[in-house]
Structure formats: structure tokens, C-alpha cells
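Engineer: Next input, structure requested:
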Amino acid sequence: MNKTKRNLILSAAIINLINMIANLVIVILYLVDPEYYANILGTYLYIISYYSIYFIFIEVVAGIVGSILLIYSVRSKGKYFRVSQKYYIAGLIIIILAGGWIPWILLLISMFIPDIIIINSPSEVRREERAEESANNDKKKKVEELRKLRDEGVITEEEFNKQLMDLL
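Structural biologist: As a prediction, this is how the structure comes out:
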């Protein structure tokens, strides 16, 4: 995954989390002492009175869930992004419905950035090559063992082919 795309998605999720937590704090403060916070909140009081308190709580919970889905979709430096795109899409839709406009813009920009694989450092490449090489060596050893068993007559040709297909 492209680092820029990953950073935009993470930024949108974090900004949305901050926005949702701020909304929750403002509503709780208003519920604690409505007369005192009515003067401080000003225009936000209109929003609280216009919407139901329950609606705002549902919006906050949905926004937090959307942010968590976005963060989960880019886990491990975006290595599994193609596998977890459904979480990205779900988080995107939830944030569009319940989030602020800044996360919308960041997510909209991230949609147009191509999804390319991050070039790993040389040590990470070597580590991955060694892991693949050891896995291939294990498979080669098992194939040799199967051939030896087939040549000795312990297993039939059909069993050999079946176990070979299962192995590969």
C-alpha cells in the first residue's frame, strides 16, 4: 500500500475519533449543567436541541466504529489492505454518514491514490526471501520422501499423486 494513502486513511480515522470524542464530551457537559453550558456552547446548543441526545450518542458510536474499521484496514503498514478492503469500505461509509467533513475530504483524496505495494527495506526483503526459501526446502524434502516411498512400493502411484497435489 502506498504510504501516502495509508497516512491519509489513518489521519481521517484519528481526526474523526477526536471529533466524535469532542462531541461526546460537549453533550455530556450539557447534560450535567444545561444552564451554565448554554451560554458557552452557543451555536452548538442549537445542534443539541435540534437533534435528539440519543441521535448524537448513536452518531458518536458509529463514528468511533468507522474510525476503528479504517485503522484496522491499514494494519501492518497496509500489508493486508487488499484483504481488508471490506473494512475500509465499511469505515468509509460509516464516516460519510456520521463523521465530519475533514475526514470525508481525506478519505476522498485517498480513494484516488493508487494502491501500490510499499517497497520494503533490504533486511525485510532478505527475511521474506529466507522464509520462502525454507518453505520451499521443506516442500522439496517432502516430495523426495514421497518419491522414495513410491519407489519402494510403500505407496501406490495414485496415493503419491494425491499426496503430491495436497502438498503443492
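Engineer: residues near Y88, how many?
Structural biologist: 19 (other CB atoms under 10 Å). Where C-beta positions appear, they are placed from N, C-alpha and C, glycine not excepted.
Engineer: ugh, typo on my part, it should be E158
Structural biologist: If we define neighbours as other CB under 10 Å, then E158 has 8 of them.
Engineer: list the buried ones in whatever helix or strand it lives in?
Structural biologist: Element membership for E158, per DSSP states H and E: helix 157-167. Neighbour-count burial for helix 157-167 flags 160, 163 (criterion: 16 or more other CB atoms under 10 Å).
Engineer: With stretch 63-81 instead?
Structural biologist: Applying 16+ other CB under 10 Å to stretch 63-81 flags 63-67, 69-71, 73-74, 78, 81 as buried.
Engineer: One more: stretch 81-91?
Structural biologist: The neighbour-count check on stretch 81-91 (16+ other CB under 10 Å) flags 81, 84, 87-88, 90-91 as buried.
Engineer: Check those residues and tell me the two furthest apart.
Structural biologist: F81 and A90 (13.8 Å; CB to CB).
Engineer: just the buried residues of stretch 63-81 now: which is nearest N19?
Structural biologist: Closest to N19 out of the buried residues of stretch 63-81 is G63 (7.0 Å), distances taken as CB to CB.
Engineer: Please identify the helix or strand for that closest one.
Structural biologist: helix 53-73.
Engineer: to the chain's geometric centre, what's the distance from that helix?
Structural biologist: Remark: helix 53-73 is offset 15 Å from the chain centroid, using CA atoms, centre = their mean, to the nearest Å.
Engineer: ditto for stretch 156-168
Structural biologist: With CA atoms, centre = their mean, you get 39 Å for stretch 156-168.
Engineer: pull the CA atoms of it into CSV?
Structural biologist: Below are the C-alpha coordinates for stretch 156-168, written out as CSV (Å, rounded to 0.1, in the frame of the first residue of the first chain):
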residue,chain,number,x,y,z
THR,A,156,0.8,-46.5,-4.9
GLU,A,157,1.1,-44.1,-7.9
GLU,A,158,-2.4,-42.7,-7.1
GLU,A,159,-1.6,-42.1,-3.5
PHE,A,160,1.7,-40.5,-4.5
ASN,A,161,-0.1,-38.1,-6.9
LYS,A,162,-2.8,-37.3,-4.3
GLN,A,163,-0.3,-36.5,-1.6
LEU,A,164,1.7,-34.5,-4.0
MET,A,165,-1.3,-32.4,-5.0
ASP,A,166,-2.1,-31.9,-1.4
LEU,A,167,1.4,-30.8,-0.7
LEU,A,168,1.6,-28.4,-3.6
